[in-house]
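Peer 1: sequence below, structure please.
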Amino acid sequence: LTGQTVVQPTRRPNARLQVLVEGPTQQDVAYGSFAAGTGSRLLWDLLRREGLAPTDVDVTSALLCRTKRRISKKDLKTALRCCAPRLERDLAESVPSVVLALGARALQALTGKAQITVWMGSPLPITTWKGTKRKPGNAAIAARRVLPTVSTNACWADPFSKPYFSAHVKRAVRLAAGTLPEWRWPRIVTSFDTDEAGLLAALDEVAQAPYLATDTETAGLHYYDELKDVAISSETLSVCVQWLTASDTVKARVKAILENSTPKALQNGMFDYFVFRANRIALGGFVWDTALGSAVISPRLPKKLGHQMCLYSDAPRFKSDFKAGNKNPWKSEKKARERADYCAKDAYSTLWLALRVQPALLAKTNRGIEQFDDLMAELKIAIKMRDYGVDIDTTRHAGITGRLELTLAIVAALLQLKVHEVGFV
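Peer 2: Numbers count the residues shown, from 1 in each chain. Model prediction:
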């Protein structure tokens, strides 16, 4: 960084939001200010739509200098450590209580967290300065919230990042204005919170709901791995049963709910379907898969539950919190209580998405519901194929190519079964 041009932060006396970028671009160096190039137009356009002018925004950076070469992880750590005192002064002299962190380096500088896609969209505290173990000494800084998202450069390099960027910028503005509603989970009851009678009462209550969602947690990545937890959620109550320690009475009640015809939503339902089959539960009422719904609305975007929730909801990144610092929290019984809470929230998140994606499909002009019904029919055919021992990858539903591959795989599987029937092999 020696000999490089230093770009100074922009401070506004009445700023309502602070933006933290990763470092200056070539255009930023030429203009002498951050977020001044054409690559930042998307940011300023979104802020204007939300009622913020450039004079309402402070802009600073994790790094003040632009390097002419790709910086190594070691050099980046050194640079962030050197810039930490300056960044702390910038924050202390800034008025806004919310920092919109654009990109991984900006996130690392304030929280020490490295993966932007894991934490984007959720308000986080300023916990540490990257490269040091020192926490913010200024109480006002420690009380601020960081809302991370992808950088503007990422949006230009990958257009499919733009929906996340747009949603998170709007969320940061609402958070700074105090208009972002606090996310509320439903009432959660787990095997650790109550005795058998309380668990049975909770299961009876959730069974009365007209629409349910369910989720499972296993010890590994295969449906035949040991079943750890089963969660069933309505809009107001989510119940998680620790399967290994549950009594036969509790298991029978769970099985009765899962096998009845009440409509149920699942996330990546084929896996959970076979988890239940492996544990002698014939799942009934399976009418919605949130991964397939997302495939219709936004075919190119990730179908993982965490990515969907950070795009459509204001929920905290509970999945990232659960996985952080744990190599395999699904196997560890030390994390059993946390895993049960995680499973209950997973089930509720699945229901939350199902109830909000369905109206979006109805609003689509290109046969949204019909497309979803086609995908569900293909999924159920794929499930039957697996019953015959033919494994089909049902996760590749996105776009015409994925659907064509799935259709061809099903046709090939049917031909294979027919060949076996007539005795050619």
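Peer 1: in stretch 185-203, what's buried?
Peer 2: Burial within stretch 185-203, assessed by neighbour count using 16 or more other CB atoms under 10 Å, is assigned to 185-186, 188-191, 199-200, 202-203. Quick note: C-beta positions are derived from backbone N, CA and C, even for glycine.
Peer 1: any chance of JSON lines for these, columns pLDDT?
Peer 2: Shown next, in JSON lines, are the buried residues of stretch 185-203 (pLDDT from 0 to 100):
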{"residue": "Trp185", "pLDDT": "96"}
{"residue": "Pro186", "pLDDT": "96"}
{"residue": "Ile188", "pLDDT": "97"}
{"residue": "Val189", "pLDDT": "96"}
{"residue": "Thr190", "pLDDT": "95"}
{"residue": "Ser191", "pLDDT": "93"}
{"residue": "Leu199", "pLDDT": "96"}
{"residue": "Leu200", "pLDDT": "96"}
{"residue": "Ala202", "pLDDT": "97"}
{"residue": "Leu203", "pLDDT": "97"}
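Peer 1: list the ones among these that fall in helices.
Peer 2: 199-200, 202-203 (DSSP state H).
Peer 1: tell me where the stretch 151-300 of the chain has strands.
Peer 2: Taking DSSP state E, counting those that start in this stretch, the strands of the stretch 151-300 of the chain run over residues 187-190, 212-218, 227-233, 237-242, 264-266, 286-289.
Peer 1: returning to that earlier point: in the buried residues of stretch 185-203, find the pair that's most separated.
Peer 2: Trp185 and Leu200 (21.9 Å; CB to CB).
Peer 1: center of this protein, which residue is that?
Peer 2: By CA atoms, centre = their mean, the chain has its centre lying nearest to Gly306, at 2.0 Å.
Peer 1: so how many other residues sit close to the residue nearest to it when sequence neighbours are not counted?
Peer 2: Excluding its sequence neighbours, the residue lying closest to Gly306 (CB to CB, 6 or more residues apart in numbering) is Lys319, at 4.6 Å. Using other CB atoms under 10 Å, Lys319 has 20 other residues around it.
Peer 1: how far away is Lys319 from Arg174?
Peer 2: 23 Å (CB to CB, to the nearest Å).
Peer 1: now Glu88
Peer 2: Counting by CB to CB - Glu88 and Arg174 are separated by 26 Å.
Peer 1: picking that back up, which of the strands of the stretch 151-300 of the chain has the lowest mean pLDDT?
Peer 2: Mean pLDDT is lowest for strand 286-289 among those, at a mean of 90.
Peer 1: distance between that one and the chain's centre?
Peer 2: With CA atoms, centre = their mean, to the nearest Å as the basis, strand 286-289 stands 20 Å off its chain's centre.
Peer 1: please enumerate residues in contact with that strand?
Peer 2: Contacts with strand 286-289, where a contact means CB atoms under 8 Å, 6 or more residues apart in numbering, come from 263-269, 273, 354, 358, 375-376, 379.
Peer 1: sheet-wise, list the partners of that strand with their directions.
Peer 2: Strand 286-289 has its sheet partners listed here by DSSP bridges as strand 264-266 (parallel).
Peer 1: return the closest of the buried residues of stretch 185-203 with respect to Tyr312.
Peer 2: Trp185 (16.0 Å).
Peer 1: got the contact list for the helix or strand harbouring the residue nearest to Gly306?
Peer 2: Using DSSP states H and E, Lys319 sits in helix 318-323. For helix 318-323, contacts defined as CB under 8 Å, 6+ apart pick out 118-119, 122, 305-306, 329, 335, 338-339, 342, 345-346.
Peer 1: would you format the strands of the stretch 151-300 of the chain as CSV with distance to Phe34 included?
Peer 2: Output for the strands of the stretch 151-300 of the chain, formatted as CSV (distance: least, CB to CB, whole Å):
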stretch, distance to Phe34
strand 187-190, 43
strand 212-218, 43
strand 227-233, 44
strand 237-242, 43
strand 264-266, 44
strand 286-289, 43
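Peer 1: contact partners of the helix or strand harbouring the residue nearest to the centre of the chain?
Peer 2: Gly306 belongs to helix 305-312 when assigned by DSSP H and E. Helix 305-312 has contacts (CB under 8 Å, 6+ apart) with 117-118, 120-122, 163-164, 167-168, 267, 290, 294, 301-302, 315, 317, 319-320, 346, 349-350, 352-353, 356-357.
Peer 1: re earlier: rebuild the ones in helices among the buried residues of stretch 185-203 as CSV, extending it with distance to Asn279.
Peer 2: Shown next, in CSV, are those (distance: CB to CB, whole Å):
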residue, distance to Asn279
Leu199, 18
Leu200, 19
Ala202, 20
Leu203, 17
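Peer 1: list just the nearest of these to Val239.
Peer 2: Of these, the one sitting nearest to Val239 (CB to CB) turns out to be Ala202, at 4.7 Å.
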